[in-house]
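> No letters, just coordinates:
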């Protein structure tokens, strides 16, 4: 039996995604320890480094409106809904990042496409941010 689009979209996770697990693995191998998904912080950051006052968000390119070639096109069905949804997600991200900066946190956003491209480059970005 074919799965409907809405059923398929419901199955997409917001935590423990493949890109997030990739980032967590690299950070762990670099020797850093972290907390996951702190619900008391705006936006529930994916990785939290309390002693360093640093956060990492691992964003899905489609859901957060990244301009990479893989998602630069608009959805073909229900376009109005998805354009609004992604626009609202981007606005919420900006608000959450602003609140976090006011609270003294430094933020790094890693895009899904970055976890699939050059592992050494990603490792370098993470190491540079966390030092």
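Sure, I can see it. Because the structure is predicted, anything quoted here is derived from the model rather than measured.

> Could you point out the helix or strand that follows the least confident helix or strand in the chain by mean pLDDT?
Sorting the helices and strands of the chain by mean pLDDT, DSSP states H and E puts helix 5-10 at the bottom, at a mean of 53. Remark: after helix 5-10, the chain's next helix or strand is helix 18-29, criterion DSSP states H and E.

> And that following helix, what does it pack against?
strand 47-49, strand 54-59, helix 112-116, helix 119-130 (3 or more CB pairs under 8 Å, 6 or more residues apart in numbering; DSSP states H and E). In short, each C-beta sits where N, CA and C put it, glycine included.

> among these, which is nearest residue 93?
Nearest of the helices and strands packed on helix 18-29 to residue 93, taken as CB to CB: strand 54-59 at 7.7 Å.

> Distance from the closest one to the middle of the chain?
Distance, stretch centre to chain centre, for strand 54-59: 6 Å (CA atoms, centre = their mean, to the nearest Å).
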